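# need the 3D shape of this:
(2 chains)
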Amino acid sequence: MIYHDVLCPFCACLCDDIVVEVEDGRIVKVDNACDLGTHKFMSDEKLRSPMRRERGVWREVGMEEAISRTVEILLDADRPLLYGWSSTHVEAQGLGIRIAEVIGGVIDSTTSICHGPSILAIQEVGHPGSTLGQIKNRADLVVYWGCNPIEAHPRHLSRYTTYADGFFLNKAFRERKLIVADTRRTQSARIADEFLLVKHDADYAILGAIRAIVRGQTDMIPPSVGGVPKQQLLRVAEMCKKAKYGVFFFGMGLTQTAGKYKNVRNAIELVIELNRHTKFTLTPMRGHFNVYGFNEVCTWMTGYPYAVDYSRGLAFYNPGETTAVDILARGECDACLVVASDPAAHMPKKAVAHLSTIPVVQIDPQINLTSAFCELLIPVATTGIDAEGSAYRMDGVPLRMKAVLKNVHPTDTDVLGEIYRRIRGAKGCG
Amino acid sequence: MAELLVKNACVIDPLQGIEGDIMDIAIRDGRIVESVRNGAEVIDAQGFLTMPGGIDSHTHICGTKVNFGRYMSPEDMRAGRTVKRGKMHATSGYSVPTTYGNSYRYSVMGYTTVLEGAMAPLEARHTHEEFSATPLQDTMANTLFDGNWPVMEAVKEGDLKRVAAIVAWILEAVKGFAIKLTNPGGTEAWGWGKNVECIRDTVPYFGVTPAEIILSLVKANEMLRLPHSVHLHCNRLGIPGNYSCTIGTFDLIPDLNRNRQSLYATHVQFHSYGGSSWPDINSKAEPVAYAVNRKPQIVIDMGQMMFGKTTTMTADGPMEFNLYRLYHNKWSNHDVELETTSGIIPVLYRRKNLVNCVMWSIGLELALLVKNPWQCLLSTDNPNGAPFVKYPEIIALLMSRPYREKEFATLHPHTGSRVLLPSIDRELDWNEIAVMTRAGQSRALGIDRIGKGHLRAGAEADIAIYPLRIGDTDPSREYEKVIGAFRKTMWTIKRGRVVARDGEILVEGKNATIWVRPTVPEPYRMEQDPDFVRNFERYYTVRMSNYPVQHHYIPRNICIETEAVL
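Numbering: from 1, shown residues only, chains lettered A, B, ... in the order given. Have a look, this model is predicted:
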């Protein structure tokens, strides 16, 4: 059986032209996907059955025991944290928020350790953005700042930017200019028309210098800013102003280096400034395929994109206080439900150390570093492979993930729906 | 069989011509019936004002742009928080509440049906996901065609049948309700950071004018026999002197439909400005209202502005950038490939600001100068002019000259020289208010025939009972009482169930989405049109097979099927 136009459940490019061949209930061939996507489709290192760890010994348990123990842990907790969510579908994310509301817990997604700072900047100054197709069809200037799409979002350039012909650009590769800014000469930097070799933690100063030049304040710029010669800054500013349609993509090289959300704010304000000269938009290079979906559903349900604390019955948001890393590092959290993510691989040591001391339940198709800390592992179907559901691309375009295999395990929606139902019953609001 | 009897209701139901009769309303299985058995549940309405559930024919409550308004504004979220209580989820937000916040607050005000004013087709799934979380109203979505490439190309070729066929395919694909044009042509120009001046300007590259886009879609709309007319946000929104563009647009529109208008012009307050720049802005509500009075083919809504903080959000991207350059607050923009754009900025409307005072007056003047209430519906373009929770105050302003005078006295001292409002005596009556808040919307949207906006046997049992006896209330004097009554129903009944009682939400609820499926003859099916398919695959970034919204997203829905005449 061959499936066409399948969506890839790896990164937030959310490529929707994948061809998947299935034989005897297994994926045998994947076309059009990048190596990262193909690997996810082909991977069969999945957990077979729920597992429970007691006194250091793992044993297989039934789904019933796994769910009832999860409910017990969540109901027993004073300060439960529900974390992860970026690699599952929106419907499951919505159920997570429901559970957090009913138990008075904190819900946060991987956003807080990737593009959380971008959201803080947007909350200060806004976000001039567009869908990726608008860029494909119009942009004659593309900036990648603090990100390396060739390795992290491999099809971004061929689907949406450098190599993608569009309505107003027939020979995109020749007609489109590329600027890359990074602290090292990455694969992406090698194909750039202009590469800004940024000194570590100097992004803020360099963006500020370009802003100043765009505003006509050229004289105040010293001969070099953050390792970038003034002459190059002048060239880059001129390219930006002269472009008919420019776009600024940025990654964690901007959001997680010194200055954090202030870097992003500077980038946004540069883009706003450029809109007085030409058309310019900005898009964060979101990571997981549905990390943006969590921000969307969390916003329409709670009012905030991530880091929501329901402990006082209303939705309370204060990143730095209600973000997962902070709740863990302060040692507040006394039980954690991890869904579709791997905090142990990405969080600071102090947060992970606390995670190892509390009951943790992981709902995930696969084992990862976090699994070692867990009391319970609950295997589920993989969204986009054997589970359907909504996902939001990095530019906010919502699509429906398909299932190409029949699922052996329940989906995240099944498992979380059952947990929610039981908790509501126990709380007397069923 | 669920039966309910509302006794002793003082009913105003303009579509049936009922103006304050005391009567009983029988309900079975969610619909109005002639009678119910003894033993049905009884609500004694005690002679209180009872009307069909309110309908908002132009509001922004769900979808990409609305959600971005929340996302970028934690300060607005903090300004309107309620805790989880009983059946109610926790809510956040003042001008852009969370979906439950919108749904509860509308329900408490007696609203049972709402139309999202602007849905980008490519992002339709998002709107439908939020509709599912807006459980106490039936929902529908205006679908944006203002900058649609295939439509503009067909307009350029003068091929009206193709225009209609493209609209039919997209409306069905995205489960949309009506054709929305926001600054037609201007949103495409904004793709290059430009705009169009008015209806005779040319759209860059595509070489068509807004006038051609508007007129083609007005005609295509009737060829498709859609329930609603074209729903237009005129060019030049919010620019002094724009009233002539607005009237010029109205002059384009032929009278093509016997049952309803041929054009619905939305938030006309923002389009009725005289003057040549901000310092000399003045009201041109009179010529605009006069144009409407002469043209039965036009229905407008007010787009009333009320003082206070709110968030502006529209598919009119270039307008929002201009507004940003006035306010220097924060600015978001979102262009959608091949289709449209949008922009968002927070604003504060102030009594000390002369422009704001003129805007406030213009909205009221329009409602008072348009003679026929069926042609001017009550709205704030929520949340652009004000959050919808201000509707009760607007009702009271329309019903009470003393209240208008009292408010007027607090405005910028120069307001009187720029507006007409103080010279208008008219005070609207209960029946006119019922027209402007439900019956008029129902007829304008063409949903009277699916049982919305009236209480005839067979209609949906959507009913609002307000704590006010019209016989012992003088709205001119007792405007505070009117405001209080319209803020909070005693009972809101949705689909035959009490959903809100004295401000408390009693049920979880579940919305139904109203959408249209126009059938076109075989040669006009766009999914088989080689040009359409080729260009789709080439210029969109999603595959054509992944574009249509699956039925999964509209679990409960009412599909209006039409047979196109091409």
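
# okay, CA-based contacts and neighbour counts for the rest of this
OK.

# ok now do residue B:468, which residues does it touch?
Residues in contact with residue B:468, defined by C-alpha atoms under 8 Å, 6 or more residues apart in numbering or on different chains, are B:48-49, B:481-482, B:485.

# same question for residue A:313.
Neighbours of residue A:313 in contact, by C-alpha under 8 Å, 6+ apart: A:101, A:104, B:83-84, B:90.

# before we move on, the earlier item: may I see the contacts of residue B:468 organised as TSV, with pLDDT and neighbour count added?
As requested, the contacts of residue B:468 are exported to TSV (pLDDT from 0 to 100; neighbours: other C-alpha atoms under 10 Å in any protein chain shown):
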residue	pLDDT	neighbour count
B:48	98	21
B:49	98	26
B:481	98	16
B:482	98	25
B:485	98	19
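
# close to chain B: what parts of the stretch 51-200 of chain A are there?
Within the stretch 51-200 of chain A, the positions adjacent to chain B are A:101, A:119, A:122-134, A:136-138, A:159-160, A:166-167 by C-alpha under 8 Å from any C-alpha of the partner chain.

# quick one: which of the residues you listed sit in helices?
Using DSSP state H, the members of those that fall in helices are A:101, A:119, A:122-125, A:132-134, A:136-138, A:159.

# returning to what we had before: now which of the residues of the stretch 51-200 of chain A next to chain B would you call buried?
A:101, A:119, A:122-134, A:136-138, A:159-160, A:166-167 (16 or more other C-alpha atoms under 10 Å in any protein chain shown).

# is the helix or strand containing residue A:424 in proximity to chain B?
Secondary structure from DSSP states H and E places residue A:424 in helix A:412-427. No - Helix A:412-427 is not in contact with chain B by C-alpha under 8 Å from any C-alpha; minimum separation 11.6 Å.

# going along the chain, name the strands of the stretch 251-400 of chain A.
A:279-284, A:308-309, A:316-317, A:335-339, A:360-363, A:376-378, A:389-392, A:398-401 (DSSP state E, counting those that start in this stretch).

# list the neighbouring strands of the first one plus their orientation.
According to DSSP bridges, strand A:279-284 forms sheet pairs with strand A:245-250 (parallel).

# what sits up against the strand it pairs with?
So strand A:245-250 is contacted by A:135, A:138-147, A:240, A:271, A:278-285, B:192 (C-alpha under 8 Å, 6+ apart).

# list only buried entries from these.
Neighbour-count burial (16+ other C-alpha under 10 Å) applied to these gives A:135, A:138-147, A:240, A:271, A:278-285, B:192.

# isn't residue B:139 right next to residue B:117, touching?
No - contact between residue B:139 and residue B:117 fails when scored by C-alpha atoms under 8 Å: they sit 10.7 Å apart.

# least confident secondary structure element in the chain?
No chain was given, so I picked chain A. helix A:172-175 (a mean of 90; mean pLDDT, DSSP states H and E).

# let's do chain B instead
Result, chain B / mean pLDDT, DSSP H and E: helix B:317-327, a mean of 92.

# pull out the buried residues from that helix.
B:317-321, B:323-324.

# distance to residue A:358 added to those, as TSV?
Formatted as TSV, these follow (distance: C-alpha to C-alpha, whole Å):
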residue	distance to residue A:358
B:317	49
B:318	52
B:319	53
B:320	49
B:321	50
B:323	51
B:324	48
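
# just to revisit the earlier point, the contacts of residue B:468 in strands, which ones?
residue B:49 (DSSP state E).

# my read is residue B:288 is in a strand, agree?
No - read with DSSP: H, G, I helix; E, B strand; the rest coil, residue B:288 is helix and lies in no strand.

# got the contact list for the residue nearest to residue A:136 when sequence neighbours are not counted?
The shortest distance from residue A:136 to any non-neighbouring residue, by C-alpha to C-alpha, 6 or more residues apart in numbering or on different chains, is to residue A:160 (4.8 Å). Neighbouring residues of residue A:160 by C-alpha under 8 Å, 6+ apart: A:132-133, A:135-136, B:541.

# between all of the residues you listed, which two are separated the most?
A:135 and B:541 (10.0 Å; C-alpha to C-alpha).

# and the helix holding residue A:424 with strand A:335-339, angle?
150 degrees (axes from the mean of the first three to the mean of the last three C-alpha atoms, to 10 degrees).

# pull the residues that contact helix A:412-427.
Outside helix A:412-427, the residues touching it (C-alpha under 8 Å, 6+ apart) are A:67-68, A:70-71, A:75, A:88, A:91-92, A:95-96, A:98-99, A:102-103, A:363, A:380-381, A:430.

# domains of the chain?
No chain was given, so I picked chain A. A:47-114+A:289-427, A:116-284 (automatic domain parsing).

# look at chain B instead
Taking automatic domain parsing as the domain assignment, the ranges for chain B are B:3-52+B:453-505, B:54-449.

# closest to residue A:389 out of those domains?
Per C-alpha to C-alpha, nearest to residue A:389 of the domains of chain B: domain B:54-449, 11.3 Å.

# give me the distance from that closest one to the chain's centre.
6 Å (C-alpha atoms, centre = their mean, to the nearest Å).

# returning to what we had before: what subset of the contacts of helix A:412-427 is buried?
A:67, A:70-71, A:75, A:88, A:91-92, A:95-96, A:98-99, A:102-103, A:363, A:380-381.

# from these, which land in helices?
Short answer: those in helices (DSSP H) are A:67, A:70-71, A:75, A:91-92, A:95-96, A:98-99, A:102-103.

# show me which pair in these is furthest apart.
Between all members of these, the farthest pair (by C-alpha to C-alpha) comes out as A:75 and A:91, at 22.2 Å.

# could the strands of the stretch 251-400 of chain A go into JSON lines alongside mean pLDDT?
Formatted as JSON lines, the strands of the stretch 251-400 of chain A follow (pLDDT from 0 to 100):
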{"stretch": "strand A:279-284", "mean pLDDT": "98"}
{"stretch": "strand A:308-309", "mean pLDDT": "98"}
{"stretch": "strand A:316-317", "mean pLDDT": "98"}
{"stretch": "strand A:335-339", "mean pLDDT": "98"}
{"stretch": "strand A:360-363", "mean pLDDT": "98"}
{"stretch": "strand A:376-378", "mean pLDDT": "98"}
{"stretch": "strand A:389-392", "mean pLDDT": "98"}
{"stretch": "strand A:398-401", "mean pLDDT": "98"}
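
# CSV for the ones you listed, including distance to residue B:370?
Converted to CSV, the strands of the stretch 251-400 of chain A look like this (distance: least, C-alpha to C-alpha, whole Å):
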stretch, distance to residue B:370
strand A:279-284, 41
strand A:308-309, 47
strand A:316-317, 46
strand A:335-339, 57
strand A:360-363, 60
strand A:376-378, 64
strand A:389-392, 44
strand A:398-401, 41
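
# quick one, which of those strands is nearest to residue A:189?
Using C-alpha to C-alpha, the nearest of those to residue A:189 is strand A:279-284, at 17.9 Å.

# residue B:479 contacts residue B:403, correct?
Yes - Residue B:479 is in contact with residue B:403 according to C-alpha under 8 Å; the separation is 6.8 Å.

# out of the two, which sits in the busier spot?
Taking neighbours as other C-alpha atoms under 10 Å in any protein chain shown, residue B:479 and residue B:403 compare with residue B:479 leading, 23 against 19.

# phi, psi for the more buried one please.
Backbone torsions of residue B:479, given as degrees, to the nearest 10, read phi -70, psi -30.

# which residues does it contact?
Contacts of residue B:479 by C-alpha under 8 Å, 6+ apart are B:396-397, B:399-400, B:403.
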